[in-house]
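Chemist: Next one to model:
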Amino acid sequence: MTDSGATALWMSRHGINVPIYAITPNVASQRKMALYRNVQPLPLAISLDRDEALRQAEELLVARGVVQRGDFIVLTVGEPMGQAGGTNTLKIVRVGMH
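Modeler: Numbers count the residues shown, from 1 in each chain. Below you'll find the predicted structure:
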């Protein structure tokens, strides 16, 4: 989840050979990130509660068909939520298991 897209840009510069799904409510950030290598911006009005936002992101990825129950995904988020430039958490999650 991202507000500014800075973390998605940083990740895209490292030549990671997996898709990066950048979930954001910010339309301007979605447009910028559409130009980043391997980044696919996804729109979502994100909750300000971290656990709820992580659940929403997981549900969105399942609904889009990019992950399925049992897959492992890596999520990044900043706290406090809703402030750009504050990524301070990386979480490895097994989809559908929390």
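Chemist: What segments of the chain are helices?
Modeler: Using DSSP state H, the helices found in the chain span residues 6-12, 27-33, 50-63.
Chemist: Tell me which of those sits most buried.
Modeler: Compared across the helices of the chain, helix 6-12 shows the largest average neighbour count, a mean of 18 (mean count of other Cβ atoms under 10 Å). Heads up, the C-betas are built off the backbone N, CA and C, glycines and all.
Chemist: elements contacting that one?
Modeler: If you count contacts as 3 or more Cβ pairs under 8 Å, 6 or more residues apart in numbering; DSSP states H and E, helix 6-12 packs onto strand 20-24, strand 39-43.
Chemist: Now mean pLDDT and distance to residue 63 too, for the ones you listed, in a markdown table please.
Modeler: Putting the helices and strands packed on helix 6-12 into a markdown table (pLDDT from 0 to 100; distance: least, Cβ to Cβ, whole Å) gives the following:
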| stretch | mean pLDDT | distance to residue 63 |
| --- | --- | --- |
| strand 20-24 | 92 | 12 |
| strand 39-43 | 95 | 10 |
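Chemist: So for residue 74, which of those strands sits nearest?
Modeler: Shortest separation from residue 74 across the helices and strands packed on helix 6-12 is recorded for strand 20-24, at 9.5 Å, computed as Cβ to Cβ.
Chemist: Note down every partner strand of the closest one and its orientation.
Modeler: Strand 20-24 has its sheet partners listed here by DSSP bridges as strand 39-43 (parallel).
Chemist: returning to what we had before: okay, the helices and strands packed on helix 6-12, which one's buried deepest?
Modeler: Among the helices and strands packed on helix 6-12, strand 20-24 has the highest mean neighbour count (mean count of other Cβ under 10 Å), at a mean of 22.
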